[in-house]
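>>> Sequence and predicted model, in that order:
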Amino acid sequence: MNQPKTILLLSGLSGAGKTTALKTLEDMGWEVVDNLPLVLLDRLLDTPLPEGHAGEDARPLALGIDARTRGFDAAAIVQRIKALRERHDHAVETLFLDCAGSELERRFAETRRRHPLALDRPAADGIARERELTEPLRRWAGQVIDTTGYTTNALQQEIRARFSRDGLSDPVLTILSFGFSRGVPRNADLMFDMRFLRNPHWIDALRPRTGLDPEVAAYIQEDPAYEDAVRRIEELLAILLPRYAEGGKTYVTVAFGCTGGKHRSVHVAARVAKYLQAAGFSPTLLHRNIESATQEVLEKRRPGGPKASS
């Protein structure tokens, strides 16, 4: 039997953080629809996904509803929630975002936006009217978050803590190898320079191979600094990556570079990706320059020999 589809009805006062909450849920892998008229809810739930997206039907669904929604009627929404909960194929949750009136006034003044229910009157009038309209939803909501003292980042963390499911809130993690001689990756969040390790390029038998080759790997591992340095990098990442997730980062790229991007960086990136996978992360491993043509002039210095001209 299929698990019931999770539906979160998210409502609240204008300025209390609904947009931030919905964007956070979307980054966590939820399907998000904002300001959907209530009369269209059944049509949305019964509409099949496009071909090739059937697996996404299990994604939880977040619906943003507030006083600006066409046909807004808090009492009718409560009745609709009750009806949805009676359907065995839906698990319905409700969240209301509240905030003190004085803080909402400050936020509207700071952003220079008009309150949607008081376009030609003080924001306080619109806040009072909206609070009255949405009070039935606040009383009925299964969860209420008062965002008065929240920063945007604090609200994001609160949403993740309450609604993360099956690792969907984890950042998309990429482990990338590259060659410094061909430019550093612009999207790297963390970058490690592997050029301190012994270079297989200067071994004729290893030069045409890559860091994925066992003999190349063995040669790199013989460097006295190798094991301690790479182990410390792995331990550092095990500490940092969960903090990135807590901070709401959607994408994290960890880059390993060597001169040409074919040997040392490739080997270390592959090892670190394997370590992180065993530690419970889900990294994607990419080798940017593994197929790039070898250019000896870029390697700068042959061990024991003169510096190459540039």
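Cool, got the structure. Numbering: from 1, shown residues only.

>>> When you work out contacts or count neighbours from here on, use the C-alpha atoms and nothing else.
OK.

>>> List the contacts of the helix or strand containing Leu8.
The secondary structure element spanning Leu8 is strand 5-12 (assigned by DSSP states H and E). Contacting residues not belonging to strand 5-12 are listed as 18, 58-66, 89-98, 134, 137-138 [Cα atoms under 8 Å, 6 or more residues apart in numbering].

>>> ok, it: who's next to it in the sheet?
When sheet partners are counted by DSSP bridges, strand 5-12 sits next to strand 61-64 (parallel), strand 90-98 (parallel).

>>> what's the burial count for Ser292?
The local packing count at Ser292 equals 12, with neighbours defined by other Cα atoms under 10 Å.

>>> backbone phi and psi for the spatially closest residue to Trp140 that is not a sequence neighbour, please?
Nearest-residue entry for Trp140: Val78, 7.1 Å, with adjacent residues in sequence omitted and distances by Cα to Cα, 6 or more residues apart in numbering. Val78 has phi and psi values of phi -60, psi -40 when expressed as degrees, to the nearest 10.

>>> can I assume Ile290 sits in a strand?
No - judged by DSSP: H, G, I helix; E, B strand; the rest coil, Ile290 forms no part of a strand; its state is coil.

>>> same for the longest helix belonging to the chain, what does it pack against?
Here the longest helix in the chain is taken by residue count, with DSSP state H as the criterion, and it is helix 226-246. The criterion is 3 or more Cα pairs under 8 Å, 6 or more residues apart in numbering; DSSP states H and E, and the helices and strands that helix 226-246 contacts are helix 264-278.

>>> can you pull the buried residues of the helix it packs on?
Arg264, Ser265, Val266, His267, Val268, Ala269, Ala270, Arg271, Val272, Ala273, Tyr275, Leu276 (16 or more other Cα atoms under 10 Å).

>>> between those residues, which is nearest Glu246?
Nearest to Glu246 among the buried residues of helix 264-278 is Leu276, at 17.4 Å by Cα to Cα.

>>> quick one: that closest one and Ser282 touch, right?
Yes - counting by Cα atoms under 8 Å, Ser282 is a contact partner of Leu276 at 7.4 Å.

>>> between those two, what contacts are shared?
By Cα under 8 Å, 6+ apart, no residue touches both Leu276 and Ser282.

>>> The helix or strand where Val254 lies: partners in the sheet, and parallel or antiparallel?
Of the helices and strands defined by DSSP H and E, Val254 is found in strand 251-258. Sheet partners assigned to strand 251-258 using DSSP bridges are listed as strand 172-179 (parallel), strand 190-193 (parallel).

>>> gap between Pro122 and Pro116?
Using Cα to Cα, to the nearest Å, one obtains 11 Å as the distance from Pro122 to Pro116.
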